[in-house]
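Undergrad: give me a model of this one.
(one chain, ligands or ions: 1)
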Amino acid sequence: MSEQIKPFSSLLPKEPQVRRMFDDIAWRYDLLNRILSLRKDIYWRRVLVNEVLHLRPTCLLDVATGTGDLAWAFARACVPEVVGIDISKKMLEKACARFVKGVKPPQFVEGSAMALPFKDDSFDVVTAAFGVRNFENIALGLREMHRVTRPGGSLFVLEFSRPASPLWRKVIDIYNRFVVPGLGACLARNYEAYKYLYESVAAFPSGAAFCRILEDNGWREVILRPLSHGVVTLYRAIK
Ligand SMILES: C[S@@+](CC[C@H](N)C(=O)[O-])C[C@H]1O[C@@H](n2cnc3c(N)ncnc32)[C@H](O)[C@@H]1O
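TA: Down below sits the predicted model:
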């Protein structure tokens, strides 16, 4: 399980290590994302944004918002209230430094998905892109997101997954295992962070296994949509 995969030490708690790791790579995070995913990350987030916009949310929370890609996309699409939360101060500084003329900026909050600082039933939609894999306790994070979603509201999770095709799975595995940490070392001067990326993706319970975890933590009508031959999966669930 990805909860046991930690960036630096297997003996210490995960959350402070994850925070430190993202603080360290924040300066290069967006560039590395574009390069390592061959710009596919933009497409993956766009699919999520389009699905969310069909629901016409008025109040949306983006958990593990990072540098704010999703939060800003919803703000640009005129979602009236957008809140982004993250544990990494440096990632949030990047998110706050963005500016889009004529767009009401999202509200960015420093805090953890393990104890969301919001009232019950506050949001129409909660999103999390490439964040859940990093949680210290995935079940607790999913329950917290459930608590702050209004009844009938939706959760959208985007996460890496394992392609169904054995050949494609092998190609992606080799890429993640050898190319990703190498590029991370060259471009972000951080081999550990990108080795952790490979290890945490390999250990994450994706596909049907993650759907079951969602259901076990209160979510219903869970559906999944594999993207790019299953390299990434978009999950949608309802409270
Ligand atoms: C891979 S980045 C994804 C950022 C952004 N959602 C995106 O799509 O680019 C993962 C983010 O999750 C954040 N994170 C990890 N654990 C968290 C937690 N327990 N609560 C809030 N944010 C967390 C990290 O600080 C990091 O910014």
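
Undergrad: mind checking the SS state of the residue in the chain that the ligand sits nearest to?
TA: Relative to the ligand, the nearest point of the chain is residue 66 (2.5 Å; Cβ to the nearest ligand atom). Bear in mind the C-beta positions are built from the backbone N, C-alpha and C, glycine included. With DSSP: H, G, I helix; E, B strand; the rest coil as the basis, residue 66 sits in coil.

Undergrad: leaving out chain neighbours, which residue sits closest to it?
TA: residue 91 (4.7 Å; Cβ to Cβ, 6 or more residues apart in numbering).

Undergrad: hmm, the residue of the chain closest to the ligand is touching residue 22, no?
TA: Yes - if you go by Cβ atoms under 8 Å, residue 66 and residue 22 touch, sitting 7.2 Å apart.

Undergrad: what is in contact with those two at once?
TA: Counting by Cβ atoms under 8 Å, 6 or more residues apart in numbering, the common neighbours of residue 66 and residue 22 are 29, 86, 88, 91.

Undergrad: tell me, how many neighbours does the last one end up with?
TA: Residues contacting residue 91 under the criterion other Cβ atoms under 10 Å number 25.

Undergrad: what lies in contact with the host helix or strand of it?
TA: Using DSSP states H and E, residue 91 sits in helix 89-97. For helix 89-97, contacts defined as Cβ under 8 Å, 6+ apart pick out 22-24, 26-27, 29-30, 65-68, 71-72, 84, 86, 105-106, 108, 110.

Undergrad: remind me what the strand ranked longest in the chain packs against, helices and strands.
TA: What stands out as the longest strand in the chain, according to DSSP state E, is strand 149-160. The contact analysis (3 or more Cβ pairs under 8 Å, 6 or more residues apart in numbering; DSSP states H and E) places strand 149-160 against helix 40-53, strand 123-129, helix 138-148, helix 208-216, strand 232-238.

Undergrad: run through who's touching the first one.
TA: Outside helix 40-53, the residues within contact range by Cβ under 8 Å, 6+ apart are 33-34, 37, 60, 69-70, 73-74, 77, 79, 125, 127, 129, 154, 156, 158, 225, 227-228, 231-232, 234, 236.

Undergrad: redo that, cut-off 6 Å
TA: With Cβ atoms under 6 Å, 6 or more residues apart in numbering as the test, helix 40-53 has contacts from 33, 69-70, 73, 77, 125, 156, 158, 227-228, 232, 234.

Undergrad: could you pick out which of these are near the ligand?
TA: Counting by Cβ under 6 Å from any ligand atom, the subset of the contacts of helix 40-53 that neighbours the ligand consists of 69-70.

Undergrad: please pick the buried ones from the contacts of helix 40-53.
TA: With burial judged by 16 or more other Cβ atoms under 10 Å, the buried subset of the contacts of helix 40-53 is 33, 69-70, 73, 125, 156, 158, 227-228, 232, 234.

Undergrad: with pLDDT added, can I get those residues in TSV?
TA: Below are the buried ones among the contacts of helix 40-53 laid out as TSV (pLDDT from 0 to 100):
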residue	pLDDT
33	92
69	97
70	98
73	97
125	98
156	98
158	98
227	97
228	96
232	97
234	98
